[in-house]
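Engineer: fold the following, please.
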Amino acid sequence: MKSLQQHLINYARYHRDPRNINTHFIGIPLIVLSIIVLLNLIMLPLLGLTMKLGVVIAVITCGFYIKLDIKLGVIMTLFMALLCLVASVISDFEHALLLGIALFVIGWVFQFVGHYFEGKKPAFVDDLMGLVIGPLFVIAEMLFLLGLFKELKSTIEQQAGIVENQT
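Structural biologist: Below is the predicted model of the structure:
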């Protein structure tokens, strides 16, 4: 299994323009939220309970994040828990399917605008793992802006390059 650093370096190589990163701060949470909303429309009998598929997938994904890095994994779990809470409310709406689709489309519009600025295709085109690493990248970039995880940021910048127009 690749390390946290390897995943983020690979993803960061497609994201060095700050405008692209900024669009990801909006687009990726919208996409993740929409996917959870849409998957929550599917109920699974699991361990004698009826579970929403979106929540089950989110829990599995958080397990992957925690395995990559305990600190960042816990932060991701909190972020995903918030998205699951919002998604659970939305998925109970009468028009949840349409709202989920709309959020998905809006999120991808932000993504493609960002990649237009970047001049590069999205990371998942070359590696589907980018779809799982994207949310982790967004949280890592937010933490970097707060001055946290400086060593991780430095490692990424040494391999992927510094974000344009940043010192």
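Engineer: what about Asn22, how many neighbours?
Structural biologist: Applying other Cβ atoms under 10 Å, we find 14 residues neighbouring Asn22. Every residue, glycine included, has its C-beta placed from N, CA and C.
Engineer: is it correct that it is in contact with Val113?
Structural biologist: No. Asn22 sits out of contact with Val113 when judged by Cβ atoms under 8 Å, with a separation of 10.0 Å.
Engineer: could you list the low-pLDDT ranges of the protein?
Structural biologist: Applying pLDDT under 70 to the predicted model, the residue ranges of the chain that meet it are 121-128, 165-167.
Engineer: apply 90 and report the result again.
Structural biologist: 1-2, 10-18, 20, 45-49, 115-131, 160-167 (pLDDT under 90).
Engineer: give me the most central residue, it.
Structural biologist: Pro135 (1.5 Å; Cα atoms, centre = their mean).
Engineer: so it sits in a strand?
Structural biologist: No. Counting by DSSP: H, G, I helix; E, B strand; the rest coil, one finds Pro135 to be helix, located in no strand.
Engineer: which residues are in contact with it?
Structural biologist: Counting by Cβ atoms under 8 Å, 6 or more residues apart in numbering, Pro135 makes contact with 28-29, 32, 76, 79-80.
Engineer: distance of Ile70 relative to Gly130?
Structural biologist: 22 Å (Cβ to Cβ, to the nearest Å).
Engineer: nothing else from me, thank you.
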